[in-house]
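A.B. asks: this one's structure only:
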């Protein structure tokens, strides 16, 4: 299977984090020139968050949480519980952690949050260093959280949910210990523990973490620009015009374009969900390199360069958003030529967030089409009449609004390629509905 390698890097650097935390704990001032700490002295310390990852971690649950917390200003450290930084996550996604878990054992965090996925959750459970860290963190009154299989497999097995209300992935509910009060909430907060059900609840979970760290005002501030659904758990819909059958001769071949500045949540959700549906997804860099720095300083490594994909035939070409990524897509002559050929031949293409307005529209790829985009960019569209819809399909084109609509976008693609029953089945499997 094609792979998307994700190195979860962020600013300030990991060395800067160590210096800042040491200074805060010890009272010893670390010279800026030694550690190149970028933050001004008057800037309040951000909340520090630890996200442990392992081989088999669910990438949507990791990347969405990391992205949303960084939007809130949290200083997120992604730590590998394996022997090296490279992580083989689920669905062909590869992660490269910021540090080994052992390098973080002496640090203090405001929140430790654990993604799910199997066997990732089991590997995290079996990490004695992390177990000791989380138990001490909980005993000291720190916030701790888990999603999907991790509440049962990790927190429950460590005795950290005793007497508390908690939820988890539906098929793991019976694995929660008897002393846990089982609830079927999409997200549950009880005391200092926050739990959630799966990849389809990851954005709600992440916003709840922001709420617990910073308060409701900050959570609302972060949530609004993401265009999240108002009724979580409801069936998704798409608005369709000039309907045609999306037919492929065999397994659908899908190109997902990547560039510096691409929105990592959107990219990972699209790739993850389409691979779950058994499409063959190839992540293609439009730059002259495979390693790309995404919008929240997540490092993505594509499967191949665009120039190496020219001999391949793709049934569908999709563009994630992100302001920097969209601008790079629009400036790529090779990508634009490929998209124009795709559209002219009646083949399938689509985009989300900034890309419909900044890439497709100026290159004539929305001519005569109904479409939507990120709400602040609706005025860039020559036809705004259907832009209020979260997902719009017009013939061989599909568009959507932003990070909070990207699961609906990917599921709508599944619906058009494989049928509504398959899309609903998949949506239920990730607890999106």
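C.D. replies: Sure thing, it's come through. Bear in mind that the values here come from a model prediction, so they are computed numbers and not experimental data.
A.B. asks: C-terminal to the helix or strand of the chain with the lowest mean pLDDT, what's the next element?
C.D. replies: Using mean pLDDT, DSSP states H and E, the weakest-scoring helix or strand in the chain turns out to be helix 32-35, at a mean of 39. Of the helices and strands lying after helix 32-35 in sequence (DSSP states H and E), the nearest is strand 48-53.
A.B. asks: ok now the helix or strand that that next one is followed by, how far from the chain's centre?
C.D. replies: Beyond strand 48-53 in the direction of the C-terminus, DSSP H and E gives the next helix or strand as helix 59-71. Shown here is helix 59-71, whose average C-alpha point lies 5 Å from the average C-alpha point of the whole chain (C-alpha atoms, centre = their mean, to the nearest Å).
A.B. asks: pLDDT of helix 59-71, averaged?
C.D. replies: Averaging pLDDT along helix 59-71 yields 96.
A.B. asks: Can you tell me the strand partners of the helix or strand following it and which way each runs?
C.D. replies: Past helix 59-71, heading to the C-terminal end, the next element that is a helix or strand (DSSP H and E) is strand 75-80. If you go by DSSP bridges, strand 75-80 pairs up with strand 48-53 (parallel), strand 99-100 (parallel).
A.B. asks: any residues touching the shortest one, and which ones?
C.D. replies: Strand 99-100 is contacted from outside by 14, 77, 78, 79, 80, 83, 84, 85, using C-beta atoms under 8 Å, 6 or more residues apart in numbering. (C-beta placed from N, C-alpha, C; glycine too.)
A.B. asks: and it, how far from the chain's centre?
C.D. replies: The gap between the average C-alpha position of strand 99-100 and the chain average comes to 20 Å, counting by C-alpha atoms, centre = their mean.
A.B. asks: Now do the buried residues in stretch 112-127.
C.D. replies: 112-125, 127 (16 or more other C-beta atoms under 10 Å).
A.B. asks: OK, contacts around residue 136?
C.D. replies: Taking C-beta under 8 Å, 6+ apart as the contact definition, residue 136 lies against nothing.
A.B. asks: quick one on the thing from earlier: who wins for neighbours among the contacts of strand 99-100?
C.D. replies: Of all the contacts of strand 99-100, the most densely surrounded is residue 78 (30 neighbours; neighbours counted as other C-beta atoms under 10 Å).
A.B. asks: Any idea what it is bridged to?
C.D. replies: Residue 78 forms beta bridges with residue 51, as assigned by DSSP bridges.
A.B. asks: what residues are up against it?
C.D. replies: Applying C-beta under 8 Å, 6+ apart, the residues near residue 78 are 8, 51, 52, 53, 62, 66, 95, 97, 98, 99.
A.B. asks: Could you rerun that using 6 Å?
C.D. replies: Under the criterion of C-beta atoms under 6 Å, 6 or more residues apart in numbering, the contact list for residue 78 reads 8, 51, 53, 97, 98.
A.B. asks: Could you give the number of residues near residue 331?
C.D. replies: Using other C-beta under 10 Å, the number of residues around residue 331 comes to 12.
A.B. asks: quick one: which of the contacts of residue 78 is nearest to residue 305?
C.D. replies: The shortest approach to residue 305 among the contacts of residue 78 belongs to residue 8, at 22.5 Å (C-beta to C-beta).
A.B. asks: For that closest one, give me the pLDDT.
C.D. replies: Confidence score, pLDDT, at residue 8: 45.
A.B. asks: next one: residue 299
C.D. replies: Predicted confidence (pLDDT) for residue 299: 80.
A.B. asks: Of all the strands paired with strand 75-80, which one comes closest to residue 333?
C.D. replies: With distances scored as C-beta to C-beta, the stretch of these nearest to residue 333 is strand 48-53 (37.2 Å).
A.B. asks: how far off helix 59-71 does the closest one point, in degrees?
C.D. replies: For strand 48-53 and helix 59-71, the angle between their directions (axes from the mean of the first three to the mean of the last three C-alpha atoms, to 10 degrees) works out to 170 degrees.
A.B. asks: hmm, back to that, so which of the contacts of residue 78 comes closest to residue 354?
C.D. replies: Set against residue 354, the nearest of the contacts of residue 78 by C-beta to C-beta is residue 8 (22.4 Å).
A.B. asks: sec struct for residue 284, please.
C.D. replies: strand (DSSP: H, G, I helix; E, B strand; the rest coil).
A.B. asks: which residues pair with it across the strands?
C.D. replies: Each beta-bridge partner of residue 284 is listed here, defined by DSSP bridges: residue 257, residue 304.
A.B. asks: Contact partners for it?
C.D. replies: Residues counted as contacts of residue 284 (C-beta under 6 Å, 6+ apart) are 255, 257, 302, 304, 306, 309.
A.B. asks: Pull out the buried residues from those.
C.D. replies: The neighbour count (16+ other C-beta under 10 Å) marks 255, 257, 302, 306, 309 as buried among these.
A.B. asks: ok, now which ones touch the first one?
C.D. replies: Contacts for residue 255 were tallied using C-beta under 6 Å, 6+ apart; they are 282, 284, 314, 317.
A.B. asks: my hunch is that the last one is in a helix, does that hold up?
C.D. replies: Right, residue 317. No. According to three-state DSSP, the state of residue 317 is strand, so it is not within a helix.
A.B. asks: Quick check: end-to-end length of stretch 331-350?
C.D. replies: The stretch stretch 331-350 measures 17 Å between its terminal residues, going by C-alpha to C-alpha, to the nearest Å.
A.B. asks: what do you get for stretch 292-308?
C.D. replies: Stretch 292-308 end-to-end distance (C-alpha to C-alpha) = 17 Å.
A.B. asks: Near the closest residue to residue 86 other than its chain neighbours, how many residues? Count them for me, please.
C.D. replies: Leaving aside its sequence neighbours, residue 86 sits nearest to residue 96 (C-beta to C-beta, 6 or more residues apart in numbering; 5.6 Å). For residue 96, the neighbour count with other C-beta under 10 Å is 20.
A.B. asks: Cheers, nothing more for now.
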